[in-house]
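Asks: Everything below, folded, please.
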Amino acid sequence: MKIFPKIIYIWLGIVAFFYTGLFFFEHKEIQFSGLINLLSLSLLMIICYFLYEKTPGKSTKFIFLNFLIFFSFSILAFLHLFIGKSFFTDYKFADHYYFQYYTAFYIFALALSVVYLVIDVVLANFRVSQKYFVALSICVLFFGFYFTPILSDPHYLYKTEEIQQWKTLANYVDKVGNYYTSEELSNQVNLKSWNYDKPIGDLYPSENLAKIEELLPYLEGENYRTLLIYPLYSNIINIEIMIIGFIILFFGYQYKKEPPQGAYMDKIVFALLLFTSTDILHYWGYMKSVEWNSLTEFFTVGQYISNIILLLLVILFALRLKFVVSPQGAFYESELSSNPSGISRWRDSVDDFIMKKFFVNKPVQGRLFEQSVNKNHTN
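Replies: Numbering: from 1, shown residues only. Have a look, this model is predicted:
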C-alpha cells in the first residue's frame, strides 16, 4: 500500500475513535474548532511517524521523533474531555491535575522539538546524543525555572497570592451577602501579602483598596478560574518566547552560514514561528479576559486561527514526506547526512513557486541561488 493512503486510513481510524468516545461517554463540551484542532494534530502525528521511519539521516530522524511525541499530545488532549465526567469522577481535583500537567508537558514537548531542530543545524558536527544533551539541558533549565512550583505541589495554583486574597474577599462577601462599593469593602476587609501559602503581613490601605478593585470582577460566577490559571498561562508564554528566540537563531544562522538543509525544513520552522507567536497572543488574551465566558469564547476564536496554521503545517510536513520517499529525495537526504559539504541546498516546490512569482524573467540556477562555475551553462 502506498504511504499516503495508509496515512489516511490510520487517521480515519483515529477519527472513528474520537467520535466513538464522544458518542458513548459523558464528556465536557467541545467546540467544532477544538475538534478540528485535535484532528489536525493527530494527522500531523501520523505524518511525523512516517517521516521518522523514512528519513535517511539519523540525526534528522530524531527531529521528527520529537514532533511525533509533541503531536501525540492530541490524544491526551482528547482524553481530557472525559476526566471528571466519565473517569475519576470521585476525585475533586482530577480535572485540575490533568489539565495543568498536560499543559505543562505539552509546552515542554514543543520546546524540545524546536530547540533540538535548531541545535541539529547549529551544532551539525555533534553526535545525536550530544545534541540531545544540549537541547534537553536548555529545555529543562527553562522549564524547571518556570514550572518547578507546579511540579512540586499539585495545588500550587490554589496557593498563589492572588487566589489567597480572592478567597479572603469571597468569604467575606458570602458572609455579609451584599456590599455597595469597593471603598466600603476596603474598610471591612484587610487583605494580606502572601509568601506561597503563608500570610506575611497586611496590605497598606491604598494597596488594599487597589487590590480589592482588581479582584471584584472575579467574584462573579466562575470568573475566578481565569485568575486561577493566570500563572500557568504566564509560564507558557515565557517558554514560548524562548522558543521564538531559538527560531530567530535558526534563521540568523541560515542567513549567516547558508548550510544545506532538508527540503521544506525552513518553511516548517517558519510555520512553527507563526504557530508559537499566535499561541502567545492567544494566551495573553486569555490572561486579560476577566470573565470566564469571554475566555472560552476567545479560546474558540483563537483555535480557528491556530487551525489555519496547523493546516499549513500538515501541507508542509506532507510535502516533506513526499520528497523523502521519492528516489531523488532519498538520495539527497542521504547525501545531506553523510556529505553535507559536497551538496548545496535543494530547491523545493515552495521555492519554485516563489521563483515563478517574484523572479519572472530573471534566470535562477538549478538549486536556489547557486551560481554555476561555467557561465555558459545553466542547470
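Asks: Check what contacts the helix or strand hosting Leu65 and list those residues.
Replies: Using DSSP states H and E, Leu65 sits in helix 58-71. Here helix 58-71 makes contact (CB atoms under 8 Å, 6 or more residues apart in numbering) with 41-42, 44-45, 48-49, 51-52, 55, 106, 109-110, 112-113, 116-117, 120, 128, 131-132, 262, 333, 336-337. C-betas here are computed from N, CA, C, even on glycine.
Asks: Show me the shaky parts of this protein.
Replies: Scanning the chain for pLDDT under 70 picks out 1, 178-180, 292-298, 335-379.
Asks: So for the longest helix along it, what gets flagged as buried?
Replies: Longest among the helix segments of the chain by residue count, using DSSP state H, is helix 292-324. Judged by neighbour count (16 or more other CB atoms under 10 Å), helix 292-324 contains these buried residues: 292, 295-296, 298-299, 302-303, 305-307, 309-310, 312-314, 316-321, 323-324.
Asks: And stretch 175-190, by the same measure?
Replies: Residues of stretch 175-190 classed as buried: Ser182, Leu185, Ser186, Val189 (neighbour count, 16+ other CB under 10 Å).
Asks: if I look at the closest residue to Phe25 other than its chain neighbours, how far off is Phe71?
Replies: Across the structure, with CB to CB, 6 or more residues apart in numbering as the measure, the residue nearest Phe25 apart from its sequence neighbours is Ser86 (4.2 Å). With distances taken as CB to CB, to the nearest Å, Ser86 is found 25 Å from Phe71.
Asks: With neighbour numbers in mind, choose between those two.
Replies: It is Phe71, of Ser86 and Phe71, that has more neighbours when counted by other CB atoms under 10 Å, with 26 against 14.
Asks: got a list of what Asn37 touches?
Replies: Residues in contact with Asn37, defined by CB under 8 Å, 6+ apart, are Gln303, Ser306, Asn307, Leu310.
Asks: how does it look with 10 Å?
Replies: In this structure, Asn37 makes contact with Ile30, Gln31, Ser74, Ala77, Gly302, Gln303, Tyr304, Ser306, Asn307, Leu310, judged by CB atoms under 10 Å, 6 or more residues apart in numbering.
Asks: and whichever helix or strand comes after the helix holding Leu65, which residues are buried?
Replies: The element immediately downstream of helix 58-71 (helix or strand, assigned by DSSP H and E) is helix 73-80. For helix 73-80, the buried set under the neighbour-count rule, 16+ other CB under 10 Å, comprises Phe73, Ser74, Ile75, Ala77, Phe78, His80.
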